[in-house]
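Engineer: test case, fold it:
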Amino acid sequence: MIMEEGGCGAWQRVPEDIVMRLDDVPGAAYEVPSEVTCGLQEGHPDSHMAVLQGWGNEEVWLSWSAPRTVTAPGCRAEGMTCLLPTGHQGHHHVIMADMVEDEGPYWVADRADLEARRAGVAKG
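Structural biologist: Have a look, this model is predicted:
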């Protein structure tokens with residue numbers, strides 16, 4: 001597994017009963033992984049989190065200190081496409097969904113931070 005720079009990267013096996021249950025969700029967006037790494041920013045407080053499945057505007061997340069699943073809408077703060085659930089701790093992990101060759105995802109505090117980061121990437 002490759003850990004993205006700035007990401008937590010803590011590893012967790014997904015319980016088999018959860019994999020089997022989420023593989024059959026109507027309209028499922030993903031193939032449920034048997035192992036995940038935490039998608040939050042390095043040094044985050046509280047539990048680790050990784051997305052397991054999505055459909056429509058809902059996603060199922062594995063949250064662990066002890067494994068458990070959480071159903072929550074994805075974070076769309078300030079109209080950004082954040083790869084974490086609503087109410088997450090720390091910075092947003094965003095992609096520019098309307099950009100074909102985006103350099104992201106980016107760890108940002110808010111939209112102004114994203115724009116400054118992208119302007120620096122464009123110049124560099």
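Engineer: counting contacts, what elements does the longest helix anywhere in the chain pack onto?
Structural biologist: Longest helix in the chain, counting residues (DSSP state H): helix 111-123. Applying 3 or more Cβ pairs under 8 Å, 6 or more residues apart in numbering; DSSP states H and E, one finds that helix 111-123 makes contact with strand 106-108. C-beta: built from backbone N, CA, C; applies to glycine.
Engineer: list the contacts of the strand it packs on.
Structural biologist: Strand 106-108 has contacts (Cβ atoms under 8 Å, 6 or more residues apart in numbering) with 6, 41, 80, 91, 92, 93, 94, 95, 114, 117, 118.
Engineer: which residues of this protein fall in helices?
Structural biologist: Using DSSP H, helices in the chain cover 16-23, 111-123.
Engineer: closest one to residue 86 among these?
Structural biologist: helix 111-123 (16.2 Å; Cβ to Cβ).
Engineer: list the buried residues for that closest one?
Structural biologist: 114, 117, 118 (16 or more other Cβ atoms under 10 Å).
Engineer: gap between the closest residue to residue 85 other than its chain neighbours and residue 115?
Structural biologist: With Cβ to Cβ, 6 or more residues apart in numbering as the criterion, residue 85 has its nearest non-adjacent residue at 3.9 Å, and that residue is residue 72. For residue 72, the distance to residue 115 (Cβ to Cβ, to the nearest Å) stands at 26 Å.
Engineer: likewise residue 69?
Structural biologist: With Cβ to Cβ as the criterion, residue 69 and residue 115 are 34 Å apart.
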